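S.K.: Coordinates only, no sequence provided:
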């Protein structure tokens, strides 16, 4: 069932502007050599064309994506009105052709509407050739040209609208992917650090309560910071700082029993390096089984090297790789010698 909510009001208003051109068939009816009742019926048919034309241009209901059904829904009544009008004014009904091609191009993609419009114009041309004289043929040629131009213009507008909609959908998809990736990185690092620190606090609870208390306090701060980071990522305002990530990495490595060695230029402030450091250190804690990790930061380079079990050369970190590629930087993940650690390098 078609309801008012199935129609796009801005599209309806835009289509209504073109109803001005219904004056053309109305004037032809007004000067045609027909009886008063035929004139009245013809004007009614012209008037009914307006609502069908506007509805065809503005319908966005369930059948909108089913193009052939949508064509049948709006083109059928328009063709019937045109055929009925030709009963009274004959071949001069060609003045209705631009309205037909416009609706067809609006309700269906060009690869369908082009063939439908061509079929309508050819069929009407055959009718005019048999039912009209030279003047009617000349008028038909003029109106057929206008109808083809109008159909092509409306098809072009539909293509541009679909491209704009696709562009918007792609942009939203990229935003969702970016938020998903950021939350993955944030929670992956934070939950790893929380797990390590909570395990350490549990071990220290009996033999060093003061140190255990310190670890629990750091857990509270870490969980609060993780919550703030997730909120910021959702609202698109999260930008990690290198100084904070260096401090967090040092604390997390120590809690995991991995000795950190940090050589960082204090003047370097790179959100890209901060992201890379966060994920690289998380992977060291999770997978390396290392007991030492060296972090080096220069203006052009970040290196995180551990002495763990190593990985196969060429292995990359997928989430980190997407950040690096988007920034136009280079990522290299390798094990210099088999089973003697992993080196993650980011260069700009």
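M.R.: Right, received. Where do you want to start? Just so we're clear, the structure is a prediction, and the values are computed from it rather than from any experiment.

S.K.: what residues are up against residue 42?
M.R.: If you count contacts by CB atoms under 8 Å, 6 or more residues apart in numbering, residue 42 has them with 29, 32, 34, 85, 88, 89. Bear in mind the C-beta positions are built from the backbone N, C-alpha and C, glycine included.

S.K.: How about residue 131, nearest residue that isn't a chain neighbour?
M.R.: residue 91 (5.5 Å; CB to CB, 6 or more residues apart in numbering).

S.K.: re the thing from before, now render the contacts of residue 42 as a markdown table, adding neighbour count and distance to residue 143.
M.R.: Listed next are those as a markdown table, based on neighbours: other CB atoms under 10 Å; distance: CB to CB, whole Å:
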| residue | neighbour count | distance to residue 143 |
| --- | --- | --- |
| 29 | 24 | 15 |
| 32 | 15 | 16 |
| 34 | 15 | 20 |
| 85 | 25 | 13 |
| 88 | 20 | 17 |
| 89 | 23 | 13 |
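
S.K.: Quick one: these as CSV, columns for pLDDT too.
M.R.: Listed next are the contacts of residue 42 as CSV, based on pLDDT from 0 to 100:
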residue, pLDDT
29, 91
32, 87
34, 89
85, 93
88, 92
89, 91
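
S.K.: before we move on, the earlier item: measure how buried the residue nearest to residue 131 is and give me the count.
M.R.: Residue 91 has 21 neighbours, counted by other CB atoms under 10 Å.

S.K.: I'd assumed residue 141 was in contact with it.
M.R.: No. When contacts are counted by CB atoms under 8 Å, residue 91 is not listed as touching residue 141 (11.4 Å).

S.K.: Give me the distance from stretch 279-294 to the chain's centre.
M.R.: 37 Å (CA atoms, centre = their mean, to the nearest Å).

S.K.: which parts of it are buried?
M.R.: 279, 280, 281, 282, 283, 284, 285, 288, 290, 292, 293, 294 (16 or more other CB atoms under 10 Å).

S.K.: of those residues, closest to residue 104?
M.R.: residue 279 (53.6 Å; CB to CB).

S.K.: Is the closest one in contact with residue 324, as I believe?
M.R.: No. Residue 279 is beyond contact range of residue 324, at 10.2 Å (criterion: CB under 8 Å).

S.K.: The stretch 151-300 of the chain: strands as residue ranges?
M.R.: Under the criterion DSSP state E, counting those that start in this stretch, the stretch 151-300 of the chain contains strands at 259-264, 292-298.

S.K.: Can you list the strands that the last one pairs with?
M.R.: Read it as strand 292-298. strand 259-264 (parallel), strand 301-306 (antiparallel) (DSSP bridges).

S.K.: Need the residues that contact that strand.
M.R.: Under CB under 8 Å, 6+ apart, the answer for strand 292-298 is 242, 246, 249, 253, 258-265, 268, 273, 277, 281, 284, 302-307.

S.K.: just the buried members of those?
M.R.: Using 16+ other CB under 10 Å, the buried ones in the contacts of strand 292-298 are 242, 246, 249, 253, 258, 260, 264, 268, 273, 277, 281, 284, 302-307.

S.K.: Tell me where the model's unsure across the stretch 201-348 of the chain.
M.R.: Applying pLDDT under 70 to the stretch 201-348 of the chain flags the ranges 228-239, 312-319, 336-339.

S.K.: Now residue 334, what are its backbone angles?
M.R.: Backbone torsions for residue 334, taken as degrees, to the nearest 10, come to phi -150, psi 170.

S.K.: Test my guess that it contacts residue 343.
M.R.: Yes. Residue 334 lies in contact with residue 343 (CB under 8 Å); the separation is 5.5 Å.

S.K.: re the thing from before, the strands of the stretch 151-300 of the chain into a markdown table, with extra columns for distance to residue 216?
M.R.: Output for the strands of the stretch 151-300 of the chain, formatted as a markdown table (distance: least, CB to CB, whole Å):
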| stretch | distance to residue 216 |
| --- | --- |
| strand 259-264 | 21 |
| strand 292-298 | 24 |
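
S.K.: Residue 77: which of the ones you listed is closest?
M.R.: strand 292-298 (71.1 Å).

S.K.: From the contact counts, what lies against the longest helix seen in the chain?
M.R.: If you go by DSSP state H, the chain has its longest helix at helix 134-207. Contacts defined by 3 or more CB pairs under 8 Å, 6 or more residues apart in numbering; DSSP states H and E place helix 134-207 against helix 97-107, helix 110-131, helix 209-234, helix 242-255, helix 271-283, helix 318-327.

S.K.: for these, which one ends up most surrounded?
M.R.: Mean neighbour count, computed with mean count of other CB atoms under 10 Å, is highest for helix 97-107 among these, reaching a mean of 26.

S.K.: now that helix and helix 110-131, what's the angle there?
M.R.: Orientation check (axes from the mean of the first three to the mean of the last three CA atoms, to 10 degrees): helix 97-107 against helix 110-131 gives 160 degrees.

S.K.: outside of helix 97-107, which residues touch it?
M.R.: 18, 21-22, 49, 52-53, 56-57, 59, 64, 67, 70-71, 73-75, 78-79, 82, 113, 116-117, 120-121, 124, 143-144, 146-148, 150-152, 154-155, 158.

S.K.: returning to what we had before: ok, which of the strands paired with strand 292-298 comes nearest residue 166?
M.R.: That would be, of those and by CB to CB, strand 301-306, which comes in at 36.9 Å.

S.K.: and that closest one, how far out from the chain's middle?
M.R.: 36 Å.

S.K.: who's in contact with it?
M.R.: 258, 270, 273, 276-277, 280-281, 284, 288, 290, 292-297, 341-348.
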